[in-house]
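# Predicted structure and sequence below. I'll ask about it afterward.
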Amino acid sequence: MSGRPLDVLEESLNTTVTVELKDGSSYYGLLAGYDQHMNVVLEAAESDVAADDATLGELDVESVEDTTIIRGDNVVTIKA
Amino acid sequence: MSGRPLDVLEESLNTTVTVELKDGSSYYGLLAGYDQHMNVVLEAAESDVAADDATLGELDVESVEDTTIIRGDNVVTIKA
Amino acid sequence: MSGRPLDVLEESLNTTVTVELKDGSSYYGLLAGYDQHMNVVLEAAESDVAADDATLGELDVESVEDTTIIRGDNVVTIKA
Amino acid sequence: MSGRPLDVLEESLNTTVTVELKDGSSYYGLLAGYDQHMNVVLEAAESDVAADDATLGELDVESVEDTTIIRGDNVVTIKA
Amino acid sequence: MSGRPLDVLEESLNTTVTVELKDGSSYYGLLAGYDQHMNVVLEAAESDVAADDATLGELDVESVEDTTIIRGDNVVTIKA
Amino acid sequence: MSGRPLDVLEESLNTTVTVELKDGSSYYGLLAGYDQHMNVVLEAAESDVAADDATLGELDVESVEDTTIIRGDNVVTIKA
Amino acid sequence: MSGRPLDVLEESLNTTVTVELKDGSSYYGLLAGYDQHMNVVLEAAESDVAADDATLGELDVESVEDTTIIRGDNVVTIKA
């Protein structure tokens, strides 16, 4: 899973990702979509088990429950 | 309800959404319109019951009463 | 009064609007013009009665007295 | 004096305007020029009497003495 | 010396200007160049006497000693 | 390893880099991709020994463990 | 060494420059490259003597040791 940033997003569709924002919060969910501005759409991951593994040791990660659009200019990192 | 961010907004027209802004405030209402900058138009939701359900546990969500344009560069998330 | 954000501005011409800015201040006046950046022009509303109604309960709304251009990048919301 | 924002600036050429900036300061002077970014050029107004009237009650308005270019991205409002 | 902002910069080439930045600092020097982003190039003014006159009463103006490029997005005002 | 900024990124593909962000944090990893906005993709470096050398004396450098997209507008420096 | 900002950068290639950033830090090194966004590439200057002269009296100037890309939107000034 390497390549240009948007290629990585394309390969990450329908997998779980953690999106860290400039305000210090993080969102965890299934990557349902994105665009060239790095606006992303997250949906609830099916299993909370995966979420628990991923966020082990992180304090402020919100597992999304509803379809959530995140405007790209808030994003610091997206971890696939 | 998945896909690219603007597709999700298109599918969310005439449904209630919660828009979280960079200043920490949130707006709840019917999505009446949007554009490619993620500028959005919210209108009052018909039933306050839905609003109460949606905002359960959130402290600073304003249910819009008038037609409200939100400039996109303030948006952090839009939850459908 | 619904539709895309700029359509709502077009429909709101010559009606009173409240423009909330990122610095926390708000301006109330007649919408005399706008452009695609959401730069807006406000003019004094004819009757202060309307202003009083609109701002009931709001602490920091300035009813414009002179023709006032507001640069769009300061805008959080425009309430029609 | 109504219309789109840049039309209002065009009509305001060679008249006195007050430009309020994001840092809280304001500049008062004759509008000598502008461009599409809302960069503006102010020059000293001929009479300080007009300035005194205009700034009555405002604490931090600087009447420009030299030709002053203000970069548009600092502007909050321009009052004609 | 009036007109559109970039016209004023063109007319100010090889004259001394004071550039005020968003961080509160100011630079004084000979305007050696500029571009459409209001990036500017300042060079040391030949005589410090002019600088002394210009900065009378200003606390934080730096007379440039080396060729100094200032990136335009830092600029608040340029006084010709 | 000199030249224009994107040329340096191209030459740095598959080598380890340290990316310093505006929030004061830093990321260390293998540069797997980039684009013209300086969005970058980092992957875990194979050997932690290299990381230890590189971050000697730096307090807040995170060696990436997962494929990590960093949005370019957060970047201050990229050290090859 | 005068002219438009990018011309000055072109003329400064392979000479030492000091780049001051918005966070108050400064970088000193050989200008190895730049682009139209004022993204720059610095490399270690051959002699530390020059660096010592240049930074006399400045408190927070880092002489770059590795090839360092600085993203242009962080730049306040570049002194040639």
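That came through, no problem. Numbering: from 1, shown residues only, chains lettered A, B, ... in the order given.
# By mean pLDDT, flag the weakest helix or strand of chain A.
Within chain A, no helix or strand scores below helix A:48-55, which has a mean of 51 by mean pLDDT, DSSP states H and E.
# On the C-terminal side of that helix, identify the next helix or strand.
Reading on from helix A:48-55 to the C-terminus, the next helix or strand found by DSSP states H and E is strand A:61-63.
# Tell me which helix or strand comes right after that next one.
Elements were assigned by DSSP H and E; along the chain past strand A:61-63, the next helix or strand is strand A:68-70.
# That next one: partners in the sheet, and parallel or antiparallel?
Strand A:68-70 has the following sheet partners, assigned by DSSP bridges: strand A:40-43 (antiparallel), strand B:75-79 (antiparallel).
# most neighbours per residue, which of those strands?
Neighbour counts averaged per stretch over the strands paired with strand A:68-70 are highest for strand A:40-43, at a mean of 26; criterion: mean count of other Cβ atoms under 10 Å in any protein chain shown. No exception for glycine: its C-beta is placed from N, CA and C like everyone else's.
# Can you dump the C-alpha atoms of it in PDB for me?
Output for strand A:40-43, consisting of C-alpha atoms alone and laid out as PDB, is shown next (Å, rounded to 0.1, in the frame of the first residue of the first chain):
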ATOM      1  CA  VAL A  40     -13.200  12.100   3.200                       C
ATOM      2  CA  VAL A  41     -16.400  10.100   4.100                       C
ATOM      3  CA  LEU A  42     -16.200   7.700   7.000                       C
ATOM      4  CA  GLU A  43     -18.800   5.100   8.000                       C
END
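# roughly how far is that strand from the heart of the chain?
Between the centre of strand A:40-43 and the centre of its chain there are 7 Å (Cα atoms, centre = their mean, to the nearest Å).
# and that strand, average pLDDT?
Predicted confidence along strand A:40-43 averages 98 (mean pLDDT).
# same deal with stretch A:71-80?
Stretch A:71-80 shows an average pLDDT of 97 in the prediction.
# Name the residues that touch that stretch?
A:1, A:8-9, A:11-12, A:15, A:17-23, A:35, A:37-40, B:22, B:38, B:72-73, B:75-78, F:21, F:23, F:27, F:66-71, F:73-74 (Cβ atoms under 8 Å, 6 or more residues apart in numbering or on different chains).
# The same query, at a cut-off of 7 Å, please.
Among residues not part of stretch A:71-80, those counted as contacts by Cβ atoms under 7 Å, 6 or more residues apart in numbering or on different chains are A:1, A:8, A:12, A:15, A:17-22, A:37-39, B:38, B:72, B:75-76, F:21, F:66-71, F:74.
# And for the residue in chain A positioned nearest to chain G, the neighbour number?
Nearest to chain G in chain A, going by Cβ to the nearest Cβ, is A:D73, at a distance of 12.7 Å. Neighbours of A:D73 under the rule other Cβ atoms under 10 Å in any protein chain shown: 18.
# how near is it to D:A44?
Distance from A:D73 to D:A44, counting by Cβ to Cβ, to the nearest Å: 40 Å.
# A:T18 reaches A:S26, doesn't it?
Yes. Applying Cβ atoms under 7 Å, one finds A:T18 in contact with A:S26, separated by 5.6 Å.
# Find the residues that touch each one of these two.
With Cβ under 7 Å, 6+ apart as the test, A:T18 and A:S26 both reach A:V61.
# Enumerate the residues of chain A near chain F.
Applying Cβ under 7 Å from any Cβ of the partner chain, one finds that chain A approaches chain F through A:1-5, A:7-8, A:38, A:72, A:75-80.
# Quick check: pLDDT value at A:G57.
For A:G57, the pLDDT comes out at 52.
# Point me to the residue of chain A nearest chain E.
Closest point on chain A to chain E, by Cβ to the nearest Cβ, is A:D73, at 15.9 Å.
# how about that residue, secondary structure?
Following DSSP: H, G, I helix; E, B strand; the rest coil, we place A:D73 in the helix state.
# Next: A:G29.
For A:G29, the secondary structure call by three-state DSSP comes out as strand.
# does it really touch A:L42, like I thought?
Yes. A:G29 sits in contact with A:L42 when judged by Cβ under 7 Å, with a separation of 3.4 Å.
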